[in-house]
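K.L.:
the sequence and its predicted three-dimensional model are supplied below.
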Amino acid sequence: MNAYRNASYVGFVLSIFGTIIAIYGFSFLLQLQELDANGATAKGTVFQIDANAIYRSPWVVFKTPDGKEYRFLSELEQNKDLFPYVIGQEVEVIYNKNNPREARINAFWERNFAQIFLGIFGVFLMLFGLFVRWQFLRKAKKCD
């Protein structure tokens, strides 16, 4: 075996990592489907905004039909220039009826960012790994 053939395994490992990351990213889709199946919606209000360097994340308070109040921090930290929330803003919240502490803002990016980002990154890494492997195997054939 020559060095190019050995180096081609780097591409193979990258493609395996890419596949794992993509599967992990799309697993968030299953969590979202579970939230849709067991979820209810309510109106919530942004009552505080956490700032971490250039990123912002809203705290939301909402009430369930039985009158209990729940608070949660959005999992999605956004760049301050793209941050759409202000204190006092009303937002739609989706929460698990069986466990209202499992809640999130019912907006496209809040619901889909994890699976889109990890899915696309994973697929890119997988294809890049396969390309690297193919390139090294081509060079290995030339040296044989």
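P.N.:
Everything's here; your move.

K.L.:
which residue is the nearest non-sequential neighbour of F124?
P.N.:
Excluding the flanking residues, the one nearest F124 by C-beta to C-beta, 6 or more residues apart in numbering is G18, at 7.0 Å. No exception for glycine: its C-beta is placed from N, CA and C like everyone else's.

K.L.:
what helix or strand is the one you found located in?
P.N.:
helix 3-37 (DSSP states H and E).

K.L.:
ok, the helix or strand of the chain with the lowest mean pLDDT: who's next to it in the sheet?
P.N.:
In the chain, no helix or strand scores lower on mean pLDDT, DSSP states H and E than strand 78-79, which sits at a mean of 80. Applying DSSP bridges to the sheet, strand 78-79 is found paired with strand 55-63 (antiparallel).

K.L.:
now do the next helix or strand after the strand it pairs with: which elements does it pack against?
P.N.:
Downstream of strand 55-63, the first helix or strand assigned by DSSP H and E is strand 69-73. Packing partners of strand 69-73 (3 or more C-beta pairs under 8 Å, 6 or more residues apart in numbering; DSSP states H and E): strand 55-63, strand 103-105.

K.L.:
need the winner for burial among those strands.
P.N.:
Among the helices and strands packed on strand 69-73, the stretch with the highest mean neighbour count (mean count of other C-beta atoms under 10 Å) is strand 103-105, at a mean of 22.

K.L.:
excluding chain neighbours, what is closest to the residue positioned nearest the centre of the chain?
P.N.:
Note on the chain: the residue nearest the mean C-alpha position is A114, at 0.9 Å, using C-alpha atoms, centre = their mean. Excluding its sequence neighbours, the residue lying closest to A114 (C-beta to C-beta, 6+ apart) is F28, at 4.4 Å.

K.L.:
shouldn't the one you found be in contact with Q115?
P.N.:
Yes - here F28 lies in contact with Q115, judged by C-beta atoms under 8 Å, at a distance of 4.3 Å.

K.L.:
one step back: wait, the residue nearest to the centre of the chain touches Y24, no?
P.N.:
No - in this structure, A114 is not within contact of Y24 by C-beta under 8 Å, at 9.2 Å.

K.L.:
in the strand ranked longest in the chain, what's buried?
P.N.:
For the chain, the strand that runs over the most residues, judged by DSSP state E, is strand 39-52. If you call a residue buried by 16 or more other C-beta atoms under 10 Å, then strand 39-52 has these buried ones: G39, A42, G44, T45, V46, I49.
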